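>>> Okay, sequence plus prediction incoming.
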Amino acid sequence: MIDINLLRDDVIGVANLLKKRGFDLDTEAFSELEASRKKIQVRTQELQEIRNENSKKIGMEKAKGSNTDSLMKLVSETSSELKALEVELSELQEKINDFLLLIPNIPHPSVPDGITDEDNIVVRECGTKKIFDFKVSDHVDVGKFLGLDFDLGTKLSGSRFVVMRGGIAKLHRAISQFMLDIQVNEHGYEECYTPFLVNTESLIGTGQLPKFAEDLFVTKRGNDESDLYLIPTGEVPLTNLVSNSIQEEQHLPLKFTALTPCFRSEAGSYGKDTRGMIRQHQFEKVEMVQISHPDNSYEVLDEMVKHAENILSKLNLPYRVVELCKGDMGFGAAKTYDLEVWIPSQNMYREISSVSNCESFQARRMKARFKDSDKKNTLLHTLNGSGLAVGRTLVAILENNQREDGSVTIPKVLSVYMDGEKILKLPK
RNA sequence: GGAGAGCUGGCUGAGUGGUUGAAAGCGCUUCCCUGCUAAGGAAGUAUACGGGGUUAACCUGUAUCGAGGGUUCGAAUCCCUCGCUCUCCGCCA
């Protein structure tokens, strides 16, 4: 969440900044809540002070053996007035907190203006698009004879699920292992294994809750309700590793990576990307997370974009880097770069990675801090990015590396994970 | 799932109803002493939030002893619920 003091100092200014990302801040509601909060909090604390003083007095008088009846009556009266106020205050504070939890992050000044993805800015295009001398198939058709089976996925679980068998399943695994190895060995991230079910607190910490519950899968425990959710991204467990903690400044930045499944209900995307595995309820992703000093989080952001790009260029996939405009960014991001990979069958670039600096937005929700040089506890900056989405990488490889006979060239860097095989051949 | 033990500041660990935000020790910071080393002395040392303030140093208040609720004039201390940790048993990959 954003710093409440920004709102106290200049609600209108903040509202104007948020408007540019398409969020309407109810400034009047906030000002009213704040005004009554202030009034009630001051009065409550006054009464508490009076009560504490008189209660102490009772103790002292009793020690002397004096009669304390009148004092006790006085404190009793104070207490009953206090009780009502305390309830009112905590309700107000909860309301203010709920209000804050629904406000998106303020975009960094460098983020371009704009409302939709059409307003995003292409930063650079890399790699060479292959010129095919035959009619290209999409990954569904390419994969059909190689072990990519959507009918089986549907039979087991419904739409937006897939089963992979044989060579495709192995290639899928190879991709994820390769990515993880690069992130760990070349980019210096610490490999993590985390829970894939997380509690509401964690999801509030990274910003998926309370606003986006409909995007998540929630679990039951036997027949009982449970408050555990399937993670929609590895960002949730990895970032929350530092929740409610105070880190040592000299250990920054912390760099975490993990291969995790991701589960998304895709509630708002009916009819979108229904064919193929671009948009699935379940997919794998190698996630990068960095917990950084606030002073250099933007250098870290650039570095993380490079880390994601490195994977794509090693796989020899054509891609471009896009700077998201204010209206297209995610809830918690102050600045985001997307990496988009070339999909020949669609004749367009599709998102395969998203790298964001959330600044202190998540850290404030999570109470993730470090001791700065003045020994003050200061909020960290959190950054996350895909490095990369495994399923979409598979799609990109199948499409970009397809051959006229229906086989697929395996990228050189993956051969070692494929027992030296160079081509994914059709079974005889 | 059953039985038991526990959860106090950066750490160890006192505290079973009253000037206790919390003894003592360790650690840490600053200073003093000591011509090395070792040792010694003094002071300080939680977090969050509110109010005031030349919005900075500072002053002041409130809350916090796993979490939430209750009893009470007053709760770290008594009662209830929940969470977590440890030990034993059961089940399980």
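Thanks, I have it.

>>> Quick one: neighbours of the residue in the stretch 251-400 of chain A that RNA strand B sits nearest to, just the number.
Per C-beta to the nearest atom of the strand, A:Asn377 is where the stretch 251-400 of chain A lies closest to RNA strand B, at 3.9 Å. The C-beta positions use only the backbone N, C-alpha and C, and glycine is treated the same way. When counting by other C-beta atoms under 10 Å, one arrives at 11 neighbours for A:Asn377.

>>> on contacts alone, who are the packing partners of the helix or strand bottoming out on mean pLDDT in chain A?
In chain A, no helix or strand scores lower on mean pLDDT, DSSP states H and E than strand A:224-230, which sits at a mean of 81. Based on contacts counted as 3 or more C-beta pairs under 8 Å, 6 or more residues apart in numbering; DSSP states H and E, the elements that strand A:224-230 packs against are strand A:197-198, helix A:200-206, strand A:218-221.

>>> Could you look up the next helix or strand downstream of that strand?
Moving toward the C-terminus from strand A:224-230, the first helix or strand encountered (DSSP states H and E) is helix A:235-239.

>>> so what does that following helix touch, helix or strand wise?
helix A:200-206, strand A:254-263, strand A:282-292, strand A:381-389.

>>> Please repeat the previous calculation with a cut-off of 7 Å.
Secondary structure elements in contact with helix A:235-239, counted by 3 or more C-beta pairs under 7 Å, 6 or more residues apart in numbering; DSSP states H and E, are helix A:200-206, strand A:282-292, strand A:381-389.

>>> circling back: now the residue of the stretch 251-400 of chain A closest to RNA strand B: closest residue in space, sequence neighbours ignored.
What sits nearest to A:Asn377 in space, not counting adjacent residues and going by C-beta to C-beta, 6 or more residues apart in numbering, is A:Arg369, at 4.5 Å.

>>> Phi, psi for the one you found please.
phi -130, psi 170 (degrees, to the nearest 10).

>>> List the beta-bridge partners for it.
Counting by DSSP bridges, A:Arg369 forms beta bridges with A:Ile246, A:Leu379.

>>> check contacts around it.
Applying C-beta atoms under 7 Å, 6 or more residues apart in numbering, we find A:Arg369 in contact with A:246, A:377-380.

>>> Most neighbours among these, please name it.
Per-residue neighbour counts (other C-beta under 10 Å) across the contacts of A:Arg369 peak at A:Leu380, which has 28 neighbours.

>>> so that residue touches A:Ala368, yeah?
Yes. Look at A:Leu380 against A:Ala368 with C-beta atoms under 7 Å: they come within range, at 5.0 Å.

>>> shared neighbours of those two, which are they?
Common contacts of A:Leu380 and A:Ala368, defined by C-beta under 7 Å, 6+ apart, comprise A:242, A:291.

>>> quick revisit: for A:Ser55, which of the helices and strands packed on strand A:224-230 is the nearest?
Checking the helices and strands packed on strand A:224-230 against A:Ser55 by C-beta to C-beta gives helix A:200-206 as the closest, at 35.0 Å.

>>> buried set for that closest one?
With burial defined by 16 or more other C-beta atoms under 10 Å, the residues of helix A:200-206 counted as buried are A:202-206.

>>> Mind putting those residues into JSON lines with distance to RNA strand B and pLDDT?
As requested, these are exported to JSON lines (distance: C-beta to the nearest atom of the strand, whole Å; pLDDT from 0 to 100):
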{"residue": "A:Ser202", "distance to RNA strand B": "13", "pLDDT": "91"}
{"residue": "A:Leu203", "distance to RNA strand B": "17", "pLDDT": "93"}
{"residue": "A:Ile204", "distance to RNA strand B": "15", "pLDDT": "92"}
{"residue": "A:Gly205", "distance to RNA strand B": "16", "pLDDT": "92"}
{"residue": "A:Thr206", "distance to RNA strand B": "20", "pLDDT": "94"}
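
>>> export those residues to TSV and tack on distance to A:Thr194?
TSV is the format used below for these (distance: C-beta to C-beta, whole Å):
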residue	distance to A:Thr194
A:Ser202	10
A:Leu203	14
A:Ile204	17
A:Gly205	14
A:Thr206	13
